[in-house]
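*Asks:* Okay, structure incoming, though there's no sequence with it:
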């Protein structure tokens, strides 16, 4: 399960002067769920289009399933399912007819396409709506139909562009669980792009952070936070009754404390190791009056904001 | 061994044809053109008695007159087709690509293992199939009704001329179709693309002749006595007239359906002198309008080629 299935090498895409994707190198292994994270306009969609051969890279190479996407897009598209963000269907056709059409475009016979379509509709929970016109589908239903549409060709890789955009929280959870099950049960490699960090955190094996055309970091969530927050692994939020003027100075002189920021009655103390006990003692001793003390964990949100800010600065 | 699955291209064509057939737009147009068919057939029947030549020895091509004569209340069939054909072509093509783009289906279809040109090719072929079906069935219907009404069967030549006329109409509508498809690729809004196609159609059918008149008046030779100058001027005017596809179409169809038309340009007295006043055989008529036919097909292909190149270069983004 360790064969690379998507290999990007020094991939660059320029539009006139604007660099949408800048020397991107990335390897995704078979059976992995990879999250491509980044703000809008970071170049995620452009990268995906290049993987499918729908857009030509300015330089660099893309190989999906060992096939060069730029040279042989048809072969790649036989093996890769792609769900664009805000997917649309032919509104005059029913959900089932839409799927059968896609199946036929993938050179299935009508019977085979209909059989698979019904199976997939059951799987994504749309059996009841199979004969309803796709124009009457809600956004969440459309997204699920999109997933079925992607799966009808029995792909090795599925690429989902912002799959959770515009769906309610319950729908998101359902969809993500569905994606995760697919990856586990059938060994399908999943690449999904998103700017919704919490959602991606739940199901991704690895994530890559992508800002302004550059991949800033990649790895699983834990290793990313270690990479980034090596100096200040932990942040304590402390509420005090009467902050004394010397308190923050005293705190910063402690071994292991990297920074202290004061905001009225709140103190934010970053430290490289767990100093909760010592800090609490210090504050109590200083007579500032400790009200509360919170340990903050870095989630993808912080990771992302930090990278994003850096990206902005560059 | 025969493949069991249909080729993706024909799957797409089939879907597009089905879409057209089910659409309100197509059915309304069918109704409109059907009504004009019956209307012009009716006026032709009213006035066909006067069209019968006094001299019985002449081959009158009476049957073809069903399409060309009128008592003045309604224009004849060929004028109607010349007028409504572009509308048909434009309405079947103006939202071919941009509606797919706006509905978000374009990127989904393009992610399937098909060549990119399949989509635009399928759109064109499907609309052409639908147009052909409409014209051929209406044409044969008019023939059948005419046969019942006047009771004179068409000669094989008349039948062939009819058939060629219908094919020519399909080519003509095909031109407007490919123009509309070109605009549907160029413009994101289908309203913009529809209006652009319609404005070109209006330009050629209304303003172009006015423009020609202006040019003709401005460039008219001052020395009206020199026949060579007059002839040259006449040829020049005819040349610019033929830029308009509707002019090409009307010249071609008139020649096809009125076998007595011997020339499309001016004739000198020497050329006319000694000519037998009989209708031209089909081969000669075809020879006369061959440039017009090639011109129309070429214009269609040019439009299609431009849209092809344009589409192949365009990036497919979702919405």
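*Replies:* Arrived safely. Not measured: the values here are computed from a predicted model.
*Asks:* Now do the same contact list for whichever residue of the stretch 1-150 of chain A sits closest to chain B.
*Replies:* In the stretch 1-150 of chain A, the residue that lies nearest chain B is residue A:88 (2.6 Å; Cβ to the nearest Cβ). For every residue, glycine as well, the C-beta is placed using N, CA and C. The contact partners of residue A:88, by Cβ atoms under 8 Å, 6 or more residues apart in numbering or on different chains, come to A:142, B:103-105, B:108, B:319.
*Asks:* Compare those residues and tell me which is most surrounded.
*Replies:* residue B:108 (25 neighbours; other Cβ atoms under 10 Å in any protein chain shown).
*Asks:* Please look at that residue and residue A:87 and confirm they touch.
*Replies:* Yes. Residue B:108 is within contact range of residue A:87, at 5.8 Å (criterion: Cβ atoms under 8 Å).
*Asks:* shared neighbours, those two?
*Replies:* Shared contacts of residue B:108 and residue A:87 (Cβ under 8 Å, 6+ apart): A:146, A:149.
*Asks:* For the residue of the stretch 151-300 of chain A at minimum distance from chain B, give me the pLDDT.
*Replies:* Per Cβ to the nearest Cβ, residue A:161 is where the stretch 151-300 of chain A lies closest to chain B, at 7.0 Å. In this model, residue A:161 is scored at 90, pLDDT.
*Asks:* For the residue nearest to the spatial centre of chain A, list the residues it contacts.
*Replies:* The C-alpha lying nearest the average C-alpha coordinate of chain A belongs to residue A:35 (Cα atoms, centre = their mean; 3.4 Å). Residues in contact with residue A:35 (Cβ under 8 Å, 6+ apart) are A:192-194, A:200, A:203-204, A:206-208.
*Asks:* Same check on residue B:165?
*Replies:* Counting by Cβ under 8 Å, 6+ apart, residue B:165 makes contact with B:67, B:78, B:139, B:253, B:256-257.
*Asks:* Out of those, which is nearest to residue A:6?
*Replies:* Closest approach between those and residue A:6, by Cβ to Cβ: residue B:139, at 56.0 Å.
*Asks:* tally of neighbours for the closest residue to residue A:246 other than its chain neighbours?
*Replies:* Closest residue to residue A:246 apart from its sequence neighbours, by Cβ to Cβ, 6 or more residues apart in numbering or on different chains: residue A:286 at 7.6 Å. Using other Cβ under 10 Å, residue A:286 has 17 other residues around it.
*Asks:* thought residue A:286 was touching residue A:247?
*Replies:* Yes. If you go by Cβ under 8 Å, residue A:286 and residue A:247 touch, sitting 5.4 Å apart.
*Asks:* Specify the beta-bridge partners of residue A:206.
*Replies:* With DSSP bridges as the criterion, residue A:206 is bridged to residue A:34.
*Asks:* is it true that it touches residue A:224?
*Replies:* No. Between residue A:206 and residue A:224 there is no contact under Cβ under 8 Å: 9.1 Å.
*Asks:* what about stretch A:259-272, start to end distance?
*Replies:* By Cα to Cα, to the nearest Å, the extent of stretch A:259-272 from end to end equals 10 Å.
*Asks:* List the buried residues in it.
*Replies:* Across stretch A:259-272, burial judged by 16 or more other Cβ atoms under 10 Å in any protein chain shown covers A:260, A:262, A:267, A:269-271.
*Asks:* of all the residues you listed, which comes closest to residue B:172?
*Replies:* Closest approach to residue B:172 among these (Cβ to Cβ): residue A:270, at 76.6 Å.
*Asks:* Quick check: the gap between the closest one and residue A:256.
*Replies:* Counting by Cβ to Cβ, to the nearest Å, the gap from residue A:270 to residue A:256 is 10 Å.
*Asks:* Same question for residue A:267.
*Replies:* Taking Cβ to Cβ, one finds residue A:267 at 16 Å from residue A:256.
*Asks:* again, but for residue B:161
*Replies:* Distance of residue B:161 to residue A:256, computed by Cβ to Cβ: 99 Å.
*Asks:* quick one, what contacts residue A:275?
*Replies:* By Cβ under 8 Å, 6+ apart, the contact set of residue A:275 is A:234, A:236, A:254, A:256-257.
*Asks:* got a markdown table for these, with pLDDT too?
*Replies:* Shown next, in a markdown table, are the contacts of residue A:275 (pLDDT from 0 to 100):
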| residue | pLDDT |
| --- | --- |
| A:234 | 72 |
| A:236 | 79 |
| A:254 | 81 |
| A:256 | 77 |
| A:257 | 80 |
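*Asks:* Let's have the contacts of residue A:88 in JSON lines, adding pLDDT and distance to residue A:121.
*Replies:* Listed next are the contacts of residue A:88 as JSON lines, based on pLDDT from 0 to 100; distance: Cβ to Cβ, whole Å:
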{"residue": "A:142", "pLDDT": "91", "distance to residue A:121": "13"}
{"residue": "B:103", "pLDDT": "89", "distance to residue A:121": "21"}
{"residue": "B:104", "pLDDT": "87", "distance to residue A:121": "20"}
{"residue": "B:105", "pLDDT": "91", "distance to residue A:121": "18"}
{"residue": "B:108", "pLDDT": "91", "distance to residue A:121": "17"}
{"residue": "B:319", "pLDDT": "61", "distance to residue A:121": "24"}
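*Asks:* Run a quick neighbour tally on the nearest residue to residue A:133 once chain neighbours are set aside.
*Replies:* Using Cβ to Cβ, 6+ apart and skipping residues adjacent in sequence, the residue nearest residue A:133 is residue A:94, 5.7 Å away. Residue A:94 has 19 neighbours, counted by other Cβ under 10 Å.
*Asks:* Show the contacting residues for residue A:94.
*Replies:* With contacts defined as Cβ under 8 Å, 6+ apart, the neighbours of residue A:94 are A:130-134.
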